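Q: I would like the atomic coordinates for the input below:
(one chain, ligands or ions: 1)
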Amino acid sequence: VFAHVVRAPEDPILGVTVAYNKDPSPVKLNLGVGAYRTEEGKPLVLNVVRKAEQQLVNDVSRVKEYLPIVGLAEFNKLSAKLILGADSPAIQENRVTTVQCLSGTGSLRVGGEFLARHYHERTIYIPLPTWGNHTKVFTLAGLSVKTYRYYDPASRGLNFQGLLEDLGSAPSGAIVLLHACAHNPTGVDPTLEQWEQIRQLIRSKALLPFFDSAYQGFASGSLDADAQPVRLFAADGGECLIAQSYAKNMGLYGERVGALSIVCKTADVASRVESQLKLVIRPMYSNPPIHGASIVATILRDRDLYNEWTIELKAMADRIISMRQQLFDALRARGTPGDWSHIIKQIGMFTFTGLNAEQVAFMTKEYHIYMTFDGRISMAGLSSRTVPHLTDAIHAAVTH
Ligand code: LMR
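A: Presented below is the predicted three-dimensional model:
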């Protein structure tokens, strides 16, 4: 009965790792998926995560019972505080409902399904380009996906005018997906002044902001600085949704731990919204896993562990920033044609190189360098040792 099933293509991002794993070359380099690697090219478990896990193991009173549908209460509270700030009026007024979800993707999906059922406008505007999974997540959640201009290939920067025009002509009430910081895949973020203009436009048109916050702490190395755009919106008293992921900033990729917060106008509305979120979650996966959320709560609740985390997080962000400089310097020293200054201007995990699909295919075939076809490279996968190899590959790709 399944003989008619046609083979689906690999995922454009995770499929890069599948292809990489099949390549026997000793010089192969995976710059596809956004996952942090050390200078030695190894995955990193943060020390603070090891410590928190040790505490959890030592605590014999801990059991493996089901969590509530909305997840671990303390985790939810601390997650809202992390993104909105300890002094957030919305939190103090109990206007925020937060539910634990399966990392960023799960948070986006639960938020999308809630909106499809309970919000009057079904259109969501996503930036062009955006993370490859956004369109699929929101389409399957029941929303209709449209794009707004974001990236300007000529300047390799923000197309701010295009963004304002497109959001300005969106129908009143439409949902707008915003990358809270470290835009994926472009590494191009609005300035705080531009965010303020975006906020005014969104509020004046009664658009509904939905933040994807997957890189808090990774863009600048500061958790507070990277949360500024979200806090700007939360401070004006209006509604917004926020999907948070701990994959990158705590290195908890495979633990699938994240949170969806919905900032409402009143505490009463927030509690009714939460009751409906439970109806979305229960038939989807019943309730979320306990381990990752317990790690996060252990770290966020303890001042010493929290401080240790911020230091390790800053070290990851700094290593990425130094990789940008090294790659830029190497291309310049090599005399590779083109202006590569965007490598050091863009922020977060990725550089949007400007290389086209053909050049990417060439680099994979000839140099065993794996990256997404749109020319995005994960700076977190690069090290001082591999910069020369990547430089050779880019040089050859643009000159051959
Ligand atoms: C990425 O964009 O590489 C990451 O967000 C990982 C993923 O799930 O795609």
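Q: Identify the residues contacting the closest residue to the ligand within the stretch 151-300 of the chain.
A: Nearest residue of the stretch 151-300 of the chain to the ligand, counting by C-beta to the nearest ligand atom: Asn184, 5.2 Å away. The C-beta positions use only the backbone N, C-alpha and C, and glycine is treated the same way. Residues near Asn184 by C-beta atoms under 8 Å, 6 or more residues apart in numbering: Gly34, Thr130, Trp131, Ala214, Tyr215, Gly348, Met349, Phe350.
Q: Next, it: phi, psi?
A: Backbone torsions of Asn184, given as degrees, to the nearest 10, read phi -110, psi 120.
Q: What does the pLDDT read for it?
A: At Asn184, the model reports a pLDDT of 96.
Q: and this structure, which residues reach the ligand?
A: Residues of the chain lying close to the ligand by C-beta under 6 Å from any ligand atom are Ile13, Val33, Gly34, Trp131, Asn133, Asn184.
Q: and with 8 Å instead?
A: Within the chain, the residues that sit near the ligand (C-beta under 8 Å from any ligand atom) are 11, 13-14, 32-35, 104-105, 131-133, 184-185, 214, 247-248, 253, 349-350, 372, 378.
Q: Measure how buried the residue of the stretch 1-150 of the chain found nearest the ligand is and give me the count.
A: Per C-beta to the nearest ligand atom, Gly34 is where the stretch 1-150 of the chain lies closest to the ligand, at 3.3 Å. Other residues near Gly34 number 26, with proximity taken as other C-beta atoms under 10 Å.
Q: wait, Ser172 sits on Arg203?
A: No - counting by C-beta atoms under 8 Å, Arg203 is not a contact partner of Ser172; they are 11.4 Å apart.
Q: which one of these two has more residues nearby?
A: When Ser172 and Arg203 are compared for neighbours, Arg203 comes out ahead with 14 against 9, by other C-beta under 10 Å.
Q: So the nearest residue to that one once chain neighbours are set aside: helix, strand or coil?
A: Of all residues not flanking Arg203 in the chain, Gly238 sits nearest, at 5.7 Å (C-beta to C-beta, 6 or more residues apart in numbering). Classification of Gly238 by DSSP: H, G, I helix; E, B strand; the rest coil places it in coil.
Q: And the one 10 residues further on, by the same measure?
A: Secondary structure state of Lys248, per three-state DSSP, is coil.
Q: Dihedrals phi and psi, it?
A: Dihedral pair for Lys248: phi -80, psi -50, per degrees, to the nearest 10.
Q: roughly how far apart are it and Gly104?
A: 9 Å (C-beta to C-beta, to the nearest Å).
Q: for Glu308, same thing?
A: Glu308 sits 24 Å away from Gly104, going by C-beta to C-beta.
Q: What of Arg256?
A: According to C-beta to C-beta, Arg256 stands 9 Å off from Gly104.
Q: Now do the shared contacts for these two.
A: Ala247.
Q: neighbour-wise, which of these two wins?
A: Neighbours of Arg256 and Gly104, each counted by other C-beta under 10 Å, are more numerous for Gly104; the result is 26 against 20.
Q: what about the more buried one, helix or strand, and which?
A: Element membership for Gly104, per DSSP states H and E: helix 103-118.
Q: quick one: that helix to chain centroid distance?
A: When C-alpha coordinates are averaged (C-alpha atoms, centre = their mean, to the nearest Å), helix 103-118 and its chain have centres 15 Å apart.
Q: May I see the buried residues of that helix?
A: Using 16 or more other C-beta atoms under 10 Å as the test for burial, helix 103-118 gives 103-116.
Q: Give me the domain ranges for this structure.
A: 14-44+318-399, 73-301 (automatic domain parsing).
Q: If I look at the residue lying closest to Gln228 once chain neighbours are set aside, what pLDDT would I see?
A: Once flanking residues are discounted, Gln228 sits nearest to Leu192: 6.2 Å by C-beta to C-beta, 6+ apart. Leu192 carries a pLDDT score of 97 in this model.
Q: mind checking the longest helix of the protein?
A: The longest helix of the chain (DSSP state H) is helix 303-334.
Q: just to revisit the earlier point, can you pull the contacts of the residue nearest to Gln228?
A: Residues counted as contacts of Leu192 (C-beta under 8 Å, 6+ apart) are Gln228, Pro229, Leu232.
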